[in-house]
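K.L.:
Sequence plus predicted model, see below.
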Amino acid sequence: MANRLTTFGNDLYTGKRSFNFVGGRKKWYTVAAVLIILSVLIPVVRGFNFGIEFRGGSQFQISGVQNATEQPAIDAVAEVVPGAVARVTIVGEDGVRVQTDQLEQAESRELTAVLADAYGVPESEVTSSFIGASWGADITRQALLGLAAFLLLAAVIMALYFRTWKMSLAAILSLLGDLVVTAGLYAAVGFEVTPAAVIGILTILSYSLYDTVVVFDKIRENTSEDGQESRRTFAESVNLAVNQTLVRSINTSVVAALPVAAILFIGAGVLGADTLRDISLALLIGILVGTWSTVFIAAPLYSQLREGEPAIKRHDQKVLKERERAGGSTAEALPVA
Amino acid sequence: MRSLTWLGVLIVALFGINAAGVIWGGGSWTPKLALDLEGGTQIILAPQVAEGETVSQEQLDQAVSIIRQRVDASGVSEADITTQGGQNVVVAIPGELDEQTRNRIESSAKLELRPVLLADAATNQSIDPSESPEPTDGAEEELSATPSVEPTDASDPNWVTPALQDEFDTFDCATLDESGANVAPSDEPLVTCDSTRTIKYLLGPVEVSGEDIVDATNGMVQTQTGATTGQWAVNIVFNERGTEAFSEVSQRLFALNGQTPRDQFAFVLDGAVLSAPQMNGVITDGRPQVTGNFTQESSKALADQLKFGALPISFEVQSSDTISATLGTSQLQSGLIAGIIGLILVVIYTLFQYRALGSVTIASLIIAGVITYLMITILGWYQGYRLSLAGIAGLIVAIGFTADSFIVYFERVRDELRDGRPLVGAVEAGWKRALRTVLSSKSMNLLAAVVLYILAVGSVRGFAFTLGLTTIIDVIVVILFTHPMLQLLAQTRFFSSGHSWSGLDPQALGAVYRGRAEFRKPVAVPAKKAASSSREAQKRQTIAERKAAQADATVGAGESKES
């Protein structure tokens, strides 16, 4: 027999059960507004925890350590560069990460040797990196450029494909909301903002818009060709489309989120897999937020943008009038065609 | 089925290409790994330009070729030097990097023109007296380091003090890198070698610096009548200051014609002599032509180097990473483990949601995985693509994104079943709509990947690349595999009878039949019909809705007629 989600899907498809996404839009907009305000406020109040790529500095990672404690590293840094602040983190079971201010080449080499000695590992097990302070800023600037270029192109392509710029606008607005909320939630978790996190946030562009296009495609089907003869108002057609694709939305976002969650789980506890961890956290938040916003924000927004059009207004009034004539009942009471 | 055949051909072809690569071209059956997985050193250099200025791709390409020469000269093999994001140069070197090579890479290019005072074969032998005039004899016993007579110009042999003569005599070209020739002061003579380390030179002070070169191109030498002689040459164009300075130099050196090597002038790049041609005429127009034993390639290389040295572009180290091999392996492992866990979770979820239909998803994922693997190994061989940790993250994320398009398709087929179509018809009608949706939504994914790839630097690139690649493969698989498979399965009893484990059970899907008379024949939908399917959907939809409501209303009253 079918599982509950399938039955749920059937009910949504036939309209037996329906969530009023479009009608209750004021409620959803309020939720979104609150989320966005929080997402802006949290980083402002707490500050982004910028990674070394943004601060600049030297980083050492020691792997294969027998007894991973912080003190030997702190002593080692104090010995080589007196007065320097060392941020020491134990990663996994046998990894130690040491971050310091920017060191000179000679100091960096010396510290590598001292660290290797302090933890009793060969020098080849000590990884050193030097990152200029402009690196993270550079990658972000390129990312913002990419963001602008992408939004512009995507808006044009969607407007052409759906033959209405209003779908484009609704999709892009909800996408921008996704980006802000994801960045805010990421900051709230307190993970370091690294270039990997920036990648993750950028990938949301791809996923969020993908999700929106799938739902909008169904909306287009439901509202476009039979528009004049439809016995639903425009808003009802949009709402039905969202409901009909709801099971798909749930399934695709779960399937997309599962591997990402796996990366997050693995990446959190392994030395050096920070790239994995940061990408996946940003992505996981983004996938969930993106799916949510398509259903609760993008579709109602689109409906709202179109409802004011004279042709759609006329049609909606006609539909409502017919319904009134039929005794205030809904479509199911109409005579069989 | 034709599509399945095409898919087979595609996979066999990819397999064949890779096999060919392995046999003849140094390909491999495993993907090439980037430094963060393999261990090694990566240095990212950013050009230093004034505010508002940009660096052209040409400038970057020249920078890459210069840096490659420097790295090659230090004997490091397999260095991977690329430009990224239209502004950075990335140097990736497997294994550990010694200090000398690092300095060599990080120093910025500097081009100078100096007159030759002495030249000799690199081996440490006595100087042929015919080759150079003896220096003015000074206080030889203490090897004076200051000229006894103030030199009047850069070619003046008075520059050659006994101390300098001694340095020149004992200079070993193998020590060129340590000699600090690349940071020598420009107003003093310089002892150095050519870049192949076969000739050593004693050069006068800098006469013209590389910044005064406006352009340098290579071309065939032309005679007065315009006919080519077949000889390659490098044509240099100086700016005003360079023209003036070079005109003076050429008059002086041409006057020294015959007194080799003092009629030669040397192009010095980063302290090493690139080329030291003789002055064969007085050049006052600032457009000298350098001839020699050039081939097309070597003349092009020299022209590029001269032009590059002429550009006010220097590089700053933006980041430098050394990753131990152990760390790389552990990163690769965690990436693979995460991928496997993710894949298992997706498999469990799809089987739970779609029952037997889930197996089509799994098979499609496997096919997509095989194609992706082959593409990455082929690109590793053909394009030098290296899989980084971010790239692996992209691949894992792609598992979910790829499975998404199968879900979109399955849900469309289910919608058609709910409308009362028999399975074969539902597959066809669902496919027509799903394809449109998949193509439009996947094009968004691809667009994002392409934009990211073009603009991004560093790890973002690897991620964008795998994401874009898998998006394309996803679309290929859904068209050539998933759909044909579903067409085939729709004809089996298990699926067409709507077995409860098939995932396409009409009963479970709450299919509402339009009545026995209107039961659709299991024929494929012609294209024309598909075009109007949206319109039909609207009508059927209303009926479905009505029927469902009716069924609801009659639940209490007894059996529904449709059941």
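P.N.:
On my side now, so go ahead. Numbering: from 1, shown residues only, chains lettered A, B, ... in the order given.

K.L.:
List the buried residues of stretch B:27-39.
P.N.:
B:27, B:31, B:32, B:33, B:34, B:35, B:36, B:37, B:38, B:39 (16 or more other Cβ atoms under 10 Å in any protein chain shown). Where you see a C-beta, it was placed from the backbone N, CA and C, and this is true even at glycine.

K.L.:
The first one should be in a helix, yeah?
P.N.:
Read it as residue B:27. No - if the criterion is DSSP: H, G, I helix; E, B strand; the rest coil, then residue B:27 is coil and not within a helix.

K.L.:
Backbone dihedrals for it, both of them.
P.N.:
Dihedral angles phi and psi of residue B:27 (degrees, to the nearest 10) take the values phi -80, psi -170.

K.L.:
Quick one: classify residue A:60 as helix, strand or coil.
P.N.:
Look at residue A:60: counting by three-state DSSP, its state is strand.

K.L.:
Distance-wise, check it relative to chain B.
P.N.:
From residue A:60 over to chain B the distance is 9 Å, taken as Cβ to the nearest Cβ, to the nearest Å.

K.L.:
pretty sure residue B:250 is touching residue B:280, no?
P.N.:
No - Residue B:250 is beyond contact range of residue B:280, at 9.3 Å (criterion: Cβ atoms under 8 Å).

K.L.:
More neighbours: those two, which one.
P.N.:
residue B:250 (19 against 14; other Cβ atoms under 10 Å in any protein chain shown).

K.L.:
Excluding covalently adjacent residues, which one is nearest to that one?
P.N.:
residue B:283 (4.4 Å; Cβ to Cβ, 6 or more residues apart in numbering or on different chains).

K.L.:
my guess is residue B:82 meets residue B:64, correct?
P.N.:
Yes - judged on Cβ under 8 Å, residue B:82 makes contact with residue B:64 at a distance of 7.1 Å.

K.L.:
Now for the residue in the stretch 151-300 of chain A that chain B sits nearest to: which residues touch it?
P.N.:
With Cβ to the nearest Cβ as the measure, the residue in the stretch 151-300 of chain A that lies nearest chain B is residue A:259; the distance is 2.8 Å. By Cβ atoms under 8 Å, 6 or more residues apart in numbering or on different chains, the residues touching residue A:259 are B:338, B:339, B:341, B:342, B:343, B:345, B:346, B:396, B:397, B:399, B:400.

K.L.:
Could I get the contacting residues of the residue in the stretch 251-400 of chain B positioned nearest to chain A?
P.N.:
Taking Cβ to the nearest Cβ, chain A has its nearest neighbour within the stretch 251-400 of chain B at residue B:342, 2.8 Å off. By Cβ under 8 Å, 6+ apart, the contact list for residue B:342 reads A:258, A:259, A:260, A:261, A:262, A:263, B:396, B:399, B:400.

K.L.:
Just list the residues touching the last one, thanks.
P.N.:
Same thing as residue B:400. The contact partners of residue B:400, by Cβ under 8 Å, 6+ apart, come to A:255, A:256, A:257, A:258, A:259, A:260, B:342, B:346.

K.L.:
what does the third one give?
P.N.:
With contact taken as Cβ under 8 Å, 6+ apart, residue A:260 is in contact with A:280, A:283, A:284, A:287, B:342, B:396, B:397, B:400.

K.L.:
at 7 Å what do you get?
P.N.:
Listed by Cβ atoms under 7 Å, 6 or more residues apart in numbering or on different chains, the contact partners of residue A:260 are A:280, A:283, A:284, A:287, B:397, B:400.

K.L.:
can you check residue A:149 too?
P.N.:
The contact partners of residue A:149, by Cβ under 7 Å, 6+ apart, come to B:451, B:455.

K.L.:
ok, now with 6 Å
P.N.:
Residue A:149 sits next to residue B:451 when contact means Cβ atoms under 6 Å, 6 or more residues apart in numbering or on different chains.

K.L.:
in what helix or strand does the residue of the stretch 101-250 of chain B found nearest chain A lie?
P.N.:
Nearest residue of the stretch 101-250 of chain B to chain A, counting by Cβ to the nearest Cβ: residue B:102, 8.0 Å away. According to DSSP states H and E, residue B:102 maps onto helix B:99-106.

K.L.:
Need the CA coordinates for the helix or strand just after that helix. PDB is fine.
P.N.:
Moving toward the C-terminus from helix B:99-106, the first helix or strand encountered (DSSP H and E) is strand B:111-121. Taking only C-alpha atoms (Å, rounded to 0.1, in the frame of the first residue of the first chain), the coordinates of strand B:111-121 have been written out as PDB:
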ATOM      1  CA  LEU B 111      63.900  43.500 -17.500                       C
ATOM      2  CA  GLU B 112      67.000  45.600 -18.100                       C
ATOM      3  CA  LEU B 113      69.300  46.500 -21.000                       C
ATOM      4  CA  ARG B 114      72.900  46.600 -20.100                       C
ATOM      5  CA  PRO B 115      76.000  46.900 -22.400                       C
ATOM      6  CA  VAL B 116      78.300  43.900 -22.400                       C
ATOM      7  CA  LEU B 117      81.800  44.500 -21.000                       C
ATOM      8  CA  LEU B 118      83.200  41.000 -20.900                       C
ATOM      9  CA  ALA B 119      81.800  37.600 -22.000                       C
ATOM     10  CA  ASP B 120      83.200  34.200 -21.600                       C
ATOM     11  CA  ALA B 121      82.100  30.600 -21.700                       C
END
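
K.L.:
and strand B:111-121, what's its mean pLDDT?
P.N.:
Strand B:111-121 comes out with an average pLDDT of 81.

K.L.:
mind listing what that strand pairs with, with the direction of each?
P.N.:
Next to strand B:111-121 in the sheet, as set by DSSP bridges, lie strand B:199-203 (antiparallel), strand B:208-209 (antiparallel), strand B:265-269 (antiparallel).

K.L.:
Show me how far the last one is from its chain's centre.
P.N.:
When C-alpha coordinates are averaged (Cα atoms, centre = their mean, to the nearest Å), strand B:265-269 and its chain have centres 32 Å apart.

K.L.:
Next secondary structure after that strand?
P.N.:
Note on strand B:265-269: by DSSP H and E, the next helix or strand toward the C-terminus is strand B:272-275.

K.L.:
what do you get for the second one?
P.N.:
Sequence-wise, the next helix or strand downstream of strand B:208-209 (DSSP H and E) is strand B:213-222.

K.L.:
Since that was my last question, I'll sign off now.
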